[in-house]
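Student: Here you go, sequence then predicted model.
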Amino acid sequence: MNTTTSKTTEAPATEEPEATDTTSTTLVKGASDASDVSDEAEGEAEGGRAPGDGPGHGSSADSDSDPDLDFDPKDDDFRRAPSGLGAAAAAVVAVGLGVVGLTGAWPGRVAAERETLLGQIKTASGGSVAQQISEIYGDAWHSTALVNGLFALLALLVGVFALVRPAFGAPARDPQPGWVRAVATAGIALGVLGVLISAGMYFDLIVPLPTAGAAG
């Protein structure tokens with residue numbers, strides 16, 4: 001009986017170290033797992049910051065080095081400066097109008113035919129020879145001279161505008177070419193000549209109206 005009791009009491013004594021070893025092993029594994037989890041969390045945090053920092057810094061560098069985002073007031077003024085194309089076009093138009101003022105155009109012919117028709121209507125019931133000459137022919141010639149004079153005057157004004165345009169408004173990017181000044185001057189000359197000729201024709205200074213005595 002005493003022997004059995006001693007064996008029974010010795011059995012728990014031998015099992016206690018095993019429980020202690022198991023508990024210590026579990027604690028060691030838990031600590032190692034916790035350290036691994038913390039290392040992984042730190043690695044993920046560092047990895048998350050790295051991509052965010054990379055594009056952020058790259059985009060800021062790209063935005064700083066992008067020439068399209070740089071604003072230079074001088075470049076803006078340079079883009080707004082006139083190119084001189086309007087003055088060149090005006091010079092060419094002035095020459096064309098001057099040629100039309102000297103040679104005539106269909107508006108002048110239409111005006112002349114209208115005056116001729118009105119003169120025929122007025123003198124249909126009768127009239128002197130001098131009245132017929134004045135109503136049928138004189139008014140038609142004066143209308144043609146008036147229309148041609150208007151074209152010549154317009155050529156003169158456009159040519160002057162093309163010549164003096166660089167002196168007004170914003171300065172052009174490039175100086176006015178020499179051919180533009182030459183063409184504008186030619187337009188002015190044609191305009192002046194057309195105005196003088198039209199005025200002489202309108203007031204019967206160059207070619208006076210024929211009279212009844214001279215016609216006979």
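Tutor: Everything's here; your move. Note that this is a predicted model, so its numbers are computed, not measured.

Student: Helix, strand, or coil at Gly108?
Tutor: Classification of Gly108 by DSSP: H, G, I helix; E, B strand; the rest coil places it in helix.

Student: That one: neighbour count?
Tutor: Look at Gly108: counted by other CB atoms under 10 Å, it has 23 neighbours. Every C-beta, even on glycine, is put in place using the N, C-alpha and C of the backbone.

Student: Just the buried positions in the helix or strand encompassing His142, please.
Tutor: Assigned by DSSP states H and E, His142 belongs to helix 139-164. Neighbour counts over helix 139-164 (16 or more other CB atoms under 10 Å) mark 139-156, 158-163 as buried.

Student: Would you map the helices across this protein?
Tutor: Secondary structure of the chain, counting by DSSP state H: helices at 2-65, 73-80, 85-103, 106-122, 129-132, 139-164, 178-202, 212-215.

Student: quick check: mean pLDDT across the second one?
Tutor: Averaged across helix 73-80, the pLDDT comes to 50.

Student: pLDDT weak spots in this structure?
Tutor: 1-83, 169-173, 213-216 (pLDDT under 70).

Student: Please repeat the previous calculation with a cut-off of 50.
Tutor: Residues of the chain meeting the criterion pLDDT under 50: 1-20, 24, 27, 49-61, 63, 68-69, 71, 73, 75-78, 215-216.

Student: Quickly note the distance from Glu113 to Gly98.
Tutor: Using CB to CB, to the nearest Å, Glu113 is found at 24 Å from Gly98.

Student: Between the two, which has more neighbouring residues?
Tutor: Gly98 (27 against 13).

Student: I'd say that one and Ala184 touch.
Tutor: No - between Gly98 and Ala184 there is no contact under CB atoms under 8 Å: 10.8 Å.

Student: shared neighbours of those two, anything?
Tutor: Gly159 (CB atoms under 8 Å, 6 or more residues apart in numbering).

Student: Can you get me a residue count around Asp125?
Tutor: To be clear, residue 125 is Ser; Asp isn't right here. 6.

Student: how long is stretch 192-210 from one end to the other?
Tutor: 27 Å (CA to CA, to the nearest Å).

Student: got the contact list for it?
Tutor: Residues contacting stretch 192-210 (CB under 8 Å, 6+ apart): 98, 101-102, 133-134, 137-138, 141-142, 144-146, 148-149, 151-153, 155-156.

Student: So which elements touch the helix holding His142?
Tutor: Here helix 139-164 touches helix 85-103, helix 106-122, helix 178-202, going by 3 or more CB pairs under 8 Å, 6 or more residues apart in numbering; DSSP states H and E.

Student: for the ones you listed, which one sits closest to Ala212?
Tutor: The closest of these to Ala212 is helix 106-122. By CB to CB, the value is 15.6 Å.

Student: how about a markdown table for the helices and strands packed on helix 139-164, with distance to Ala212 added?
Tutor: Shown next, in a markdown table, are those (distance: least, CB to CB, whole Å):
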| stretch | distance to Ala212 |
| --- | --- |
| helix 85-103 | 32 |
| helix 106-122 | 16 |
| helix 178-202 | 21 |
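
Student: Val129 versus the closest residue to Ala152 other than its chain neighbours, what's the distance?
Tutor: If the residues on either side of it in the chain are set aside, Ala152 comes closest to Gly194, at 2.6 Å by CB to CB, 6 or more residues apart in numbering. Distance of Gly194 to Val129, computed by CB to CB: 32 Å.
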